[in-house]
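Novice: compute the structure for the input listed below.
(chains A and B)
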Protein chains: 2
Amino acid sequence: MAKLLPPNGIDESSLGLRPNIKPIMNRKFPSNYRLRTKSSVTVRNSVNIPKQWYNLVADLPLKPPPALHPQTHKPLKPEDLSPLFPDELIAQEITDDRYIEIPDEVIDIYGLWRPTPLLRAKRLEKLLDTPARIYYKYEGTSPAGSHKPNTAVPQAYYNARQGVKNVVTETGAGQWGSSLAFASSLFGLNCEVWQVRASYDQKPYRKLMMQTWGAKVHPSPSNVTDSGRKILEIDPSSPGSLGMAISEAVEVAVKNTDTKYCLGSVLNHVLLHQTIIGEECLEQLEVIGEVPDVIIGCTGGGSNFGGLTFPFIREKMKGNINPVIRAVEPSACPSLTKGVYAYDYGDTVGMTPLMKMHTLGHDFVPDPIHAGGLRYHGMAPLISHVYELGFMEALAIPQTECFQAALQFARTEGIIPAPEPTHAIAAAIREALNCKETGEEKVILMAMCGHGHFDLAAYDKYLQGNMIDLSFSLEKVKASLASVPHVTL
Amino acid sequence: MAKLLPPNGIDESSLGLRPNIKPIMNRKFPSNYRLRTKSSVTVRNSVNIPKQWYNLVADLPLKPPPALHPQTHKPLKPEDLSPLFPDELIAQEITDDRYIEIPDEVIDIYGLWRPTPLLRAKRLEKLLDTPARIYYKYEGTSPAGSHKPNTAVPQAYYNARQGVKNVVTETGAGQWGSSLAFASSLFGLNCEVWQVRASYDQKPYRKLMMQTWGAKVHPSPSNVTDSGRKILEIDPSSPGSLGMAISEAVEVAVKNTDTKYCLGSVLNHVLLHQTIIGEECLEQLEVIGEVPDVIIGCTGGGSNFGGLTFPFIREKMKGNINPVIRAVEPSACPSLTKGVYAYDYGDTVGMTPLMKMHTLGHDFVPDPIHAGGLRYHGMAPLISHVYELGFMEALAIPQTECFQAALQFARTEGIIPAPEPTHAIAAAIREALNCKETGEEKVILMAMCGHGHFDLAAYDKYLQGNMIDLSFSLEKVKASLASVPHVTL
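Specialist: Below you'll find the predicted structure:
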C-alpha cells in the first residue's frame, strides 16, 4: 500500500530533531580528550591503504555454482569472457587465490580518497537516545562520491594495460558511470555510458559530471544499439532499467574488438576490489578497540555490501568475531527477500552469462524509486551464495522510512546520504531503537556508501510530502519470474 | 574584450589530455614504494587536527586600521557589534592574542572531515611536463563541499552557547549558506539564508541542500526586508549581489533580539577560524619534507586564501621560509588589482561598519561569472592590510582560462573543482609552465577550496563552447567608486 505523507510537508517535530541535540556546554573533559575525540570520532588517521584485495571464495566451505554460457547452458570457459573483459579481470573473476596484490598504480590513485573515514554517529545516537554505538564507514569522499571508484580504477587500469582503447558500461543512479568516466580519464581510455533514461532525465548533473571527465553519455534504451531499438519498438516511452542498459553496453563491446565492457557490481572481481573497504575498516575498528555486533549495508547488485562485509565474514569463519550481517534492500525491488534462487541472465535481453542468483526475473522493471542504484532485478551471485550458506540475513524497507532516517542522519551527522545508503541508515536506526528497548550496548557498523549531492530532488520531494512508498506487486514478480530460464546442470 | 570559444565546443586536443597520461606499466618500483606513495601522494594520515587557531594580527609589524561606525565614522566599540554577533566572536574579532583555543565541541565536529588531505597533482605535472611539484590542500571533503564549515561550526557553536535561537546570513555561490545550514542543524539553531537571486535561480540543488539541513532560504533581493524592497523598487529584475544579500540579513539580525548574523568571509574572526587549513598544511609538508616556493589561492572575500596562507606568513616573518604568496581574483571582479584601498561599507545599503579594504565600491554589481563566491566588491580588511604591507601579490584571471585549467585538473587529478578554486588552478598552471621554461623545480602549493558538484551547469556551458570572458569596465568601477564614503580619521 502506498502511504502518502501530509501534503504540507514533513512535520519536523515528528523527527524529534531539535530537543536532543543541544550541545552540552558545561561538560568537563579530561585533559586527554583531544586524543579520545580523535580515536572515537574518526580513525582515518591511523591506518594505511591495504596492499591486497580479499577473495572470499577461497575460504567458503562450499564453492559457488559456476556461471553458464547463455546459449549452451554449459559452464562458462574463461575465453568465453574475452570479448567483454581483459585477461587479468577474467582471471580475478574465477580465481581461488585468497589475496590479490593491488597494483602500485591503483594504490597511487586510491590515495586520492583512501583510507576513507570510519566515523561514529554520536549525535545520531543522542537523538535516538540509544545505548548502541553506531559507526559508519564513509565512502562518499571519493571524486565520484561513492564506493564505485574502488573498482572503476583497477578495471580501467587492467584494460589500459592490455592496450584496450574504449570501455563501455551502463549506469543507473549515475554513481557507476561517473566512476568509470573518472577512472577512464586518468588512464587515457575513451568511455561511453548508457544511463537508464529515468536517471538521464532526472539527473542532468550526473550526466554533466561524466561529460566533464570526458565520457560520452547515451540515454538507455537508445537508438544506438539493436537491443535498445528492440526495447523501444515495444515501449517507445520505456523509462529504462539497469538490465536494459547492460544489454546495450554488452552488445557494443561484443561487436567491437577494440572495446571492452565494465560492470560496477554483481561480478566476483567487482566485489573483490571493494573488499578494500572492509579491510580498512577491520584495522580502524582494531585501533579503537571496538568489535561489531551488527553490520548493516544496502544491497542493489551487492558490491558495497560485499566490500564491507566479506573481510568480516572471513573473521567470522575463523571464529574471531561473530557479528550479525544484515543486507537491506528496497521494498520495491526485493531480490533477496522475495526473489527466487535460480540461474538467470544479468541483463534484460539475455546476452550475459547465466548466473545462479536471487532474482526477480531478468525482465522485471522495478518502480522508479529514488535509490536508482538498488533497482536491479538480481543479486550478486557471490552474495546470493553467502546468503544461502547462512552467513547473513536480509530485509526490505520502503523508501519513505529510508528518507525519514536520512533526514535524521543529515541533521545530526551533517552528511546528506545518497538514496541507496538511506536503506542502511533506516535499518541501523531500527536496530539502535531496539537497543533502547532492551538496554543492549550493541556496536552497529554501517556502510555509508555515498553522498546525495545529485539526489536532492528526491529530498525535495520528501520534504514537500510528495514521496510515496511504491507498491510492490507479487503478480508482477510472478510474471517476470516466468521468464527465468529452466536450467538443469 | 569578450572572447568567444569555438561554437562547436572545446577542441579537446588543445587540452593535450590524452597523450601524456598513459600509465607507465612496466616501471619497476622499489619494495618500499607503497610507503613512498603514501607520503608523496597523500599525507592525510600523518597529522592531527590543530588545537588552536592562529591570529596573524598578533605578529604583524603594523596593526590593521580599525573598523569605523557607519554613522559616526568613529572607531567601532565592541558593544556596537552586539546586535550582530555573540560576545566570544566579537572578542575574537578584535583580539591581539596570537593563538585561540579551539573548543572541544568544535574539534569534535571538525573530525567529520579534518584533517583534510594534502595531495600531490602528479598526473597534472606529467600532463604539463613541468619539473615543478604541485601540491593542493583539498577542502572539498567537508559535508558542505568547501572550506566554509571551518568557520560555520564555531560560529554556530558560540551562538548556541550564548543562547541565541536564530542565525541569519547571505550566500552567493551557496557554499556559505550550506555550511551555516549544516552547522546550525548540529547545534539546534534555526537558520535563515538570503541567497543571491542569480544563484538561487541557477542552483536549485544548493537551495535544496540548505533545506535538507532544515534552513529557510530566500532569494535576494527579497520582499522580506526593507533593504530588499528598496533595491527591487529601483530594479525589479535585479540579479542580486553579495552586498545586497548582506544588507538583508544584517537588517533582520538588527531588528530581532533573538537573532544574530553570521558572515562567511571578510571579518577577522572568520579568517581566524580558517587558519586551521594552513596549520594542518604546515605539518603535512613537514612530514613529507617539502618547503613551498609559491603559495596560490583564489580570493573573493579572502577566507580561503587567508586560511591557508596566514600560518605560512607567520613562518615567513620568522625567517623560516620565504614563499611567494599569490592571490588570484576573477578579471570580472578584481578588488585587489583594480580597486582602491579605502574605507567602505561591507554591504550595498551601508548598514555594516566601515572597513579599510580594497574595494570596487559597495554598489558595484559584478557580472554574473560562474565563480559566485568571488563576486564581492571588497576584500577582507586583514588581507588588504597584508597586501599593503607587501607580504603577498595579486593577479586577475578571466574565467575561460580558469575553466580550461579546471578540465585539465579534473581529467588528470580526478576532482572536479568549484569555479572559485579554478582561479588558483589556472595560476598554478601558469607557474608550472613557467618552471618548464626555466627548468626550476619549484614547489607550488595551491588552495583547492571546494568541489564543483553544484556547478556542473557552468562546465556544460564551457564544454559547449558558450562560456565568454565577461568584459570588465573601468567606467563602471569609476562610477561605483564615486560612492565610496570620504573618511578622515
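Novice: got a pLDDT number for the closest residue to A:Gln274 other than its chain neighbours?
Specialist: Excluding its sequence neighbours, the residue lying closest to A:Gln274 (Cβ to Cβ, 6 or more residues apart in numbering or on different chains) is A:Gly307, at 2.6 Å. From N, CA and C alone the C-beta is placed, and that goes for glycine too. We have a pLDDT of 98 for A:Gly307.
Novice: packing partners for the one helix or strand A:Gly307 maps to?
Specialist: Using DSSP states H and E, A:Gly307 sits in helix A:303-318. In terms of contacts (3 or more Cβ pairs under 8 Å, 6 or more residues apart in numbering or on different chains; DSSP states H and E), helix A:303-318 is packed against strand A:52-54, helix A:268-288, strand A:294-298, strand A:324-330, helix A:381-388, strand A:443-448.
Novice: redo these as TSV? Include mean neighbour count and mean pLDDT.
Specialist: Formatted as TSV, the helices and strands packed on helix A:303-318 follow (neighbours: other Cβ atoms under 10 Å in any protein chain shown; pLDDT from 0 to 100):
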stretch	mean neighbour count	mean pLDDT
strand A:52-54	21	98
helix A:268-288	24	96
strand A:294-298	29	98
strand A:324-330	25	97
helix A:381-388	24	98
strand A:443-448	28	98
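Novice: in CSV, list the ones you listed along with distance to B:Gly346.
Specialist: Converted to CSV, the helices and strands packed on helix A:303-318 look like this (distance: least, Cβ to Cβ, whole Å):
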stretch, distance to B:Gly346
strand A:52-54, 54
helix A:268-288, 44
strand A:294-298, 46
strand A:324-330, 49
helix A:381-388, 57
strand A:443-448, 39
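Novice: which residues touch the residue nearest to A:Arg375 when sequence neighbours are not counted?
Specialist: Nearest residue to A:Arg375, sequence neighbours excluded (Cβ to Cβ, 6+ apart): A:Pro366, at 4.4 Å. Neighbouring residues of A:Pro366 by Cβ atoms under 8 Å, 6 or more residues apart in numbering or on different chains: A:Ser241, A:Pro330, A:Ala332, A:Cys333, A:Leu360, A:Arg375, A:Tyr376, A:His377.
Novice: which among those residues count as buried?
Specialist: A:Ser241, A:Pro330, A:Ala332, A:Cys333, A:Leu360, A:Arg375, A:Tyr376, A:His377 (16 or more other Cβ atoms under 10 Å in any protein chain shown).
Novice: shouldn't A:Pro421 be in contact with A:Cys298?
Specialist: Yes. Assessed by Cβ atoms under 8 Å, A:Pro421 is found in contact with A:Cys298 at 5.5 Å.
Novice: which residues do those two both contact?
Specialist: A:Asn304, A:Ala447, A:Cys449.
Novice: next up, the contacts around the second one.
Specialist: For A:Ala447, the contacting residues are A:136-137, A:139, A:277, A:295-298, A:304-305, A:307-308, A:421, A:424, by Cβ under 8 Å, 6+ apart.
Novice: also the last one?
Specialist: Contacts here follow Cβ under 8 Å, 6+ apart; on that basis A:Cys449 touches A:Glu139, A:Gly140, A:Ser146, A:His147, A:Gly297, A:Cys298, A:Asn304, A:Ala418, A:Glu420, A:Pro421, A:Ala424.
Novice: hmm, back to that, for chain B, state which of the shared contacts of A:Pro421 and A:Cys298 is nearest.
Specialist: Lowest distance from chain B to those (Cβ to the nearest Cβ) belongs to A:Cys449, with 15.6 Å.
Novice: can you check the pLDDT for the nearest residue to that closest one once chain neighbours are set aside?
Specialist: Using Cβ to Cβ, 6+ apart and skipping the chain neighbours, the partner closest in space to A:Cys449 is A:Asn304 (4.1 Å). Per-residue confidence at A:Asn304 stands at 97 (pLDDT).
Novice: so A:Asn304 touches A:Glu139, yeah?
Specialist: Yes. Judged on Cβ under 8 Å, A:Asn304 makes contact with A:Glu139 at a distance of 7.4 Å.
Novice: what touches both of the two?
Specialist: With Cβ under 8 Å, 6+ apart as the test, A:Asn304 and A:Glu139 both reach A:Ser146, A:His147, A:Ile277, A:Ala447, A:Cys449.
Novice: just to revisit the earlier point, now the two most distant members of the contacts of A:Pro366.
Specialist: A:Ser241 and A:Pro330 (13.9 Å; Cβ to Cβ).
Novice: shared neighbours, those two?
Specialist: Joint contacts of A:Ser241 and A:Pro330 (Cβ under 8 Å, 6+ apart) are A:Pro366, A:Arg375.
Novice: measure the most centrally placed residue in chain A to A:His377 for me?
Specialist: With distances taken as Cα atoms, centre = their mean, A:Asn304 lies nearest the centre of chain A, 3.9 Å away. Using Cβ to Cβ, to the nearest Å, A:Asn304 is found at 18 Å from A:His377.
Novice: pLDDT at the residue nearest to A:Phe391 when sequence neighbours are not counted, what is it?
Specialist: In space, and not counting its chain neighbours, A:Phe391 is closest to A:Ile313: 5.4 Å by Cβ to Cβ, 6+ apart. For A:Ile313, the pLDDT comes out at 98.
Novice: list the contacts of A:Ile313.
Specialist: By Cβ under 8 Å, 6+ apart, the contact list for A:Ile313 reads A:Leu56, A:Ile325, A:Val386, A:Phe391, A:Met392.
Novice: same question, A:Tyr157
Specialist: A:Pro103, A:Glu105, A:Val106, A:Ala183, A:Phe187, B:Pro23.
Novice: next, the closest residue to the first one other than its chain neighbours: secondary structure please.
Specialist: Read that as A:Pro103. Nearest residue to A:Pro103 in three dimensions, chain neighbours excluded: A:Tyr157, at 6.2 Å (Cβ to Cβ, 6+ apart). Reduced to three states with DSSP: H, G, I helix; E, B strand; the rest coil, the structure at A:Tyr157 is helix.
Novice: got it, and the one 3 residues further on?
Specialist: Per three-state DSSP, the local secondary structure of A:Ala160 is helix.
Novice: that one against A:Leu189, yeah?
Specialist: Yes. At 5.8 Å, A:Ala160 counts as touching A:Leu189 under the criterion of Cβ under 8 Å.
Novice: what about the residue in the stretch 201-350 of chain A that chain B sits nearest to, which helix or strand?
Specialist: Distances between the stretch 201-350 of chain A and chain B by Cβ to the nearest Cβ are smallest at A:Leu208, namely 3.8 Å. A:Leu208 is part of helix A:204-212, with elements assigned from DSSP H and E.
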